[in-house]
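When you get a sec, could you give me coordinates for this:
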Amino acid sequence: MYELPIHLQDIVKTEQKTISYNLGRINQQIKVTIPAGIADGKKLRLAGKGQPGPEGGPPGDFYIKIKILDHPVF
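Coordinates of the predicted model:
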């Protein structure tokens, strides 16, 4: 599972983030839409963006866990 740290001010409105991750020896980049008001610890599922299936099967799902960073004022 990929943990995506985001700032508190980034959850006020829907944001799009580009993340990089490795699948074995392959580096992937993907754009992820973070919905406004998402809660800390919420998991997003990206269907078909995970590891390749065994014996040439379809790829699995890729999960992202949201980590909202502390804000110095709030």
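
For this protein, give me the ranges with low pLDDT.
By pLDDT under 70, the low-scoring segments of the chain are 74.

Which residues does the most centrally placed residue in the chain form beta bridges with?
Centroid check for the chain by CA atoms, centre = their mean gives residue 64 as the closest residue, at 3.4 Å. Counting by DSSP bridges, residue 64 is bridged to residue 2, residue 44.

tell me which strands and helices the host helix or strand of residue 30 is in contact with?
In this structure, residue 30 sits in strand 26-34 according to DSSP states H and E. Applying 3 or more CB pairs under 8 Å, 6 or more residues apart in numbering; DSSP states H and E, we find strand 26-34 packed against strand 2-6, strand 15-23, strand 43-46, strand 62-68. Every residue, glycine included, has its C-beta placed from N, CA and C.

Looking at these, which is nearest to residue 31?
Across the helices and strands packed on strand 26-34, residue 31 has its closest neighbour in strand 15-23 (5.3 Å, CB to CB).

Direction included, what does that closest one pair up with?
strand 26-34 (antiparallel).

Tell me who's in contact with the residue nearest to residue 24 when sequence neighbours are not counted.
Distances taken as CB to CB, 6 or more residues apart in numbering place residue 51 nearest to residue 24, at 7.5 Å, with adjacent residues excluded. By CB atoms under 8 Å, 6 or more residues apart in numbering, the contact set of residue 51 is 23, 24, 59, 60.

swap the cut-off to 7 Å and go again
By CB atoms under 7 Å, 6 or more residues apart in numbering, residue 51 lies in contact with 23, 59, 60.

mind checking how far it is from residue 61?
Computed as CB to CB, to the nearest Å, the residue 51 to residue 61 distance reads 9 Å.

picking up where we left off before, nearest to residue 36, out of the helices and strands packed on strand 26-34?
Closest among the helices and strands packed on strand 26-34, using CB to CB: strand 15-23, at 8.0 Å.
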